[in-house]
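S.K.: coords please:
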Amino acid sequence: MNQEIFRNLRDSLASLYSDATSIRRVIADASIAAVRIDFNSNVLNIWHAVLTEAEKTGQVEDLLTTVAREYGRNEDFRNVRDRYEQSKRQDPKPPQSPNSTTNSAQFEAWQRQLASYRQNLALIEERMSEYIDSTDIPLQLLRNKQQTEAHIAELEGKLGTH
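M.R.: Numbering: from 1, shown residues only. From the prediction side, this is the model:
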């Protein structure tokens with residue numbers, strides 16, 4: 001995405017959601033992993049980090065769809081979103097799928113799932129770190145970690161990443 005559109009999106013989102021709690025809710029609704037976003041900054045910097053992460057994971061459209069549910073009638077947001085969509089049509093990127101028979105929608109869904117599972121794993125590991133002795137960790141938490149790691153490995157295999 002070009003810098004002007006990026007800045008316009010960032011500024012529009014910052015005007016609509018000006019606190020970290022609301023931003024966390026929006027990105028959770030859009031299934032964007034929050035673990036790589038620093039929420040201890042000003043609103044513009046938070047939104048910059050969110051858009052950067054969404055761009056890296058192919059989730060900008062998910063983010064904009066989530067925002068449109070609440071602010072779809074906001075004229076500034078509509079204009080910025082329209083310019084973003086117009087730029088995507090003018091400069092489409094080929095699907096990033098390693099397997100040409102895999103459609104891009106499925107590939108993007110796998111990417112979103114992978115980001116979500118990675119976020120879940122980070123939360124599980126954070127919770128596990130609260131226990132002083134590893135033998136005190138509840139069995140269900142250990143099972144959740146194993147299942148989440150298995151899901152991550154499966155999705156990485158499908159996506160051809162490691």
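S.K.: contacts for the helix or strand containing V50?
M.R.: For V50, the enclosing helix or strand under DSSP states H and E is helix 43-56. Outside helix 43-56, the residues within contact range by CB atoms under 8 Å, 6 or more residues apart in numbering are 1, 6, 9-11, 13-14, 17-20, 23, 27, 30, 32-33, 36-39, 41, 59-60, 62-63. For the C-beta atoms, the positions are set from N, CA and C on the backbone; glycine is no exception.
S.K.: so how far is that helix off the chain centroid?
M.R.: 10 Å (CA atoms, centre = their mean, to the nearest Å).
S.K.: kindly report the same for stretch 26-45.
M.R.: Stretch 26-45 sits 8 Å away from the centroid of its parent chain (CA atoms, centre = their mean).
S.K.: got the end-to-end distance for that stretch?
M.R.: One end of stretch 26-45 to the other measures 16 Å (CA to CA, to the nearest Å).
S.K.: for that stretch, which positions count as buried?
M.R.: By 16 or more other CB atoms under 10 Å, the buried positions in stretch 26-45 come out as V26, I27, A30, S31, I32, A33, A34, R36, I37, V43.
S.K.: name the nearest of these relative to E108.
M.R.: Compare each of the buried residues of stretch 26-45 with E108 using CB to CB and the shortest gap goes to S31, at 10.9 Å.
S.K.: pull out the buried residues from stretch 121-139.
M.R.: Using 16+ other CB under 10 Å, the residues of stretch 121-139 that count as buried are L121, I124, M128.
S.K.: and these as CSV, adding secondary structure, distance to A68 and pLDDT?
M.R.: Formatted as CSV, the buried residues of stretch 121-139 follow (DSSP: H, G, I helix; E, B strand; the rest coil; distance: CB to CB, whole Å; pLDDT from 0 to 100):
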residue, secondary structure, distance to A68, pLDDT
L121, helix, 30, 87
I124, helix, 32, 87
M128, helix, 37, 88
